[in-house]
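Engineer: Requesting a structural model of the entry that follows:
(2 chains)
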Amino acid sequence: MLTNKEIANLFHELASLMELHDENPFKLRSYENAYLALRKMDIPLMEMEPQEWKQLKGIGTAIAEKLAEIKNSGTFQTLEQFREKTPPGVQTMLRIKGLGPKKVKSIWKELNIESPGELAYACGENRLIELKGFGAKIQEDVLKSIAFFDSNQKYFLFSTLEREALHYVSLLRNLNPHARIEFTGALRRALPVLEGIDLLVDQMDILQPEEYQQRDGEGIWNESYPVNIYVCDPDNWNFEMLLRTSGSESFQTQFLTNLQYQHATDEMDIFVKNGLPFIPAECRDMDTFPDFDENQLLKQEDICGVVHAHSTYSDGMYSLEDMAKECMRLGYQYLVISDHSRSAFYANGLSIERVEQQWRAIDDWNNKSDQFKIFKAIESDILNDGSLDYPDDMLQGFDVVIASVHSNLKMDETKAMHRLLRAIENPYTRILGHPTGRLLLSRPGYPINHHKIIDACAAHQVAIELNANPLRLDLDWKWIQYAMEKGVLVSVNPDAHNLKGIQDIRYGVLAARKGGLLKNYCLNSKNISEFKTWISSKSNF
DNA sequence: ATCGCAAACGATCTTAAAGGGAACTTTAA
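Structural biologist: Numbering: from 1, shown residues only, chains lettered A, B, ... in the order given. The predicted structure is shown next:
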């Protein structure tokens, strides 16, 4: 069953392919609009009644019919026809950053290049610059993009493989209801990007390796990524094996030599019996293992407030009130609503008038509700010169200003640092949003000096966002220790654009734990009164 | 292909930077 994003991507793919084949630009714009609408939806399309599809804005008769086809077969005829008349390698080229349909078309038709490999070769031979509209700079960038693209081919997002892994677990459980099955390997350590799935099972005599192949039809084996199934002693669930198969290399060498394992009742027991501090699985990628009390490590239930979410005022799918109600339902105490600022045109950023309109709505809510509070925030674009997106007297009116870069991400380190440092130094900035702008496996993000950024945040009492979207997880977990050393708070922010998106906080908490974030260093683990104190704590006015 | 206003059809409209090539196209947020 396809997810909304996967379905949306099919229409995006169709639009690109149609453009490649010179179809009616308005037609393909409709598919592009459908893509934009569907990717943001959090109600699963495949679980909706077919007649409901047509109610959605951007979905008419034709696309609703295609959705029905997708429900039946996972794809639709029109798409398959366009796929058929486009070489697979050309389709792959469409996924390379910096190449849109126009450029791919000219590479394909003028140079007869039909794959990224051939394209890289042609760049090496200086042949791309012959094309009209291409030059030395583009040729160089294309080579870099292809290298980045290639290097990511064997990796998958944690969120993707976790979902798949749960599917495998249920398959295995069907084969043997009594089996004990656990995630292990990098999946258990919650690495943000993974090469495959590792599972540890007992009593799996029914599953000899050669059988994996035979069971192809049931999806036990997989073509895109390896599924490693470790089998331990059927009579005795083996914590040694769990520990060994889930440790990183540095963890193995530092901890797993000469350990006594006998009669361990759980994993923690092995640590205790050997006089070692317990290191939770997700923390085992750290270079050095800090002395911490595991109980102080951030937990999902420590998060008191939802910081950084969007509403229909900008590019969110749900109203301010709906977002607030969902946060309440999930047990949070407050919502820090942060729509896009006025320069974010593509995201329907808020003009000054519309900011004021939203403020009135927030005041209304807060006047009526004393049990759940909405704070006024903005995700302000950091403009090219490092300034924020509104005049000071407007910025002053927000409870929280989150400063993020959204445009002109192609920067060298000097430019990026200048831009970010200026934003951090701005007296109104309270949180630095997704510090590198990376999208895991798809966009590298601009280069920054993390030490200097964190130092500046410490000097200016600016918290750093750990954007919890599984595609971002930016600030990277590796920098959390340094942030804590400098006393910088980390805010685990969902950046939600719909109700479901709020629950991305879970991925953020995993990444935070991975970096060893302690509860006391997490901004949104503050309860509402602590959070209010933090808001009024900035002292450099 | 979809929408919206209207009753069969016309309009579809983000914007700015970058790069290449001397005015404009392409891409990406």
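
Engineer: residue ranges for the strands of chain A, please.
Structural biologist: Along chain A, counting by DSSP state E, strands occupy A:156-157, A:181-184, A:193-194, A:197-201, A:227-231, A:305-309, A:334-340, A:373-381, A:400-404, A:431-432, A:463-467, A:490-493.

Engineer: Output the contacting helices and strands for the first one.
Structural biologist: The contact analysis (3 or more C-beta pairs under 8 Å, 6 or more residues apart in numbering; DSSP states H and E) places strand A:156-157 against strand A:193-194. Yep, even glycine has a C-beta here, placed from its N, CA and C like the rest.

Engineer: list the contacts for residue A:238?
Structural biologist: Contacts for residue A:238 (C-beta atoms under 8 Å, 6 or more residues apart in numbering) come out as A:202, A:232.

Engineer: ok, back up a step: mean pLDDT for the strands of chain A: which is lowest?
Structural biologist: Ranked by mean pLDDT, these end with strand A:227-231 at the bottom, a mean of 85.

Engineer: tell me which residues of it are tucked away?
Structural biologist: A:227, A:229, A:230, A:231 (16 or more other C-beta atoms under 10 Å).

Engineer: Over to stretch A:232-249?
Structural biologist: For stretch A:232-249, a neighbour-count test (16+ other C-beta under 10 Å) marks A:232, A:237-248 as buried.

Engineer: Stretch A:148-168 now?
Structural biologist: Buried residues in stretch A:148-168 (16+ other C-beta under 10 Å): A:149, A:155, A:156, A:157, A:158, A:159, A:160, A:161, A:162, A:164, A:165, A:168.

Engineer: For the closest residue to the first one other than its chain neighbours, give me its contacts.
Structural biologist: Spatial nearest neighbour of residue A:149, chain neighbours left out: residue A:96 (5.3 Å); criterion: C-beta to C-beta, 6 or more residues apart in numbering. The contact partners of residue A:96, by C-beta under 8 Å, 6+ apart, come to A:116, A:142, A:145, A:146, A:149.

Engineer: circling back to that earlier point, pLDDT check: weakest of the buried residues of stretch A:148-168?
Structural biologist: pLDDT is lowest at residue A:168 among the buried residues of stretch A:148-168; the value there is 86.

Engineer: hang on, it packs against residue A:196?
Structural biologist: No - assessed by C-beta atoms under 8 Å, residue A:168 is found out of contact with residue A:196, at 11.1 Å.

Engineer: and the stretch 351-500 of chain A, which residues reach DNA strand B?
Structural biologist: Selection of the stretch 351-500 of chain A residues close to DNA strand B by C-beta under 7 Å from any atom of the strand yields A:384, A:406, A:407, A:408, A:409, A:410, A:437, A:443.

Engineer: on that earlier part again, taking the contacts of residue A:96 one by one, which sit in helices?
Structural biologist: Judged by DSSP state H, the subset of the contacts of residue A:96 located in helices is A:116, A:142, A:145, A:146, A:149.

Engineer: of those residues, closest to residue A:517?
Structural biologist: Ranked by distance to residue A:517 (C-beta to C-beta), the ones in helices among the contacts of residue A:96 are led by residue A:149 at 31.5 Å.

Engineer: how much space between residue A:76 and residue A:2?
Structural biologist: As judged by C-beta to C-beta, to the nearest Å, residue A:76 and residue A:2 stand 11 Å apart.

Engineer: Now for these two: what residues contact both?
Structural biologist: A:10, A:70.

Engineer: the more surrounded of these two?
Structural biologist: Ranked by neighbour count (other C-beta atoms under 10 Å), residue A:76 and residue A:2 place residue A:76 first, with 20 against 16.

Engineer: thinking again about what came up before, now the common contact residues for residue A:168 and residue A:196.
Structural biologist: Common neighbours of residue A:168 and residue A:196 (criterion: C-beta under 8 Å, 6+ apart): residue A:227.

Engineer: ChimeraX command to pick out the buried ones of the residues of the stretch 351-500 of chain A next to DNA strand B?
Structural biologist: To isolate the buried ones among these in ChimeraX, judged by 16+ other C-beta under 10 Å, type:
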select /A:406,437,443
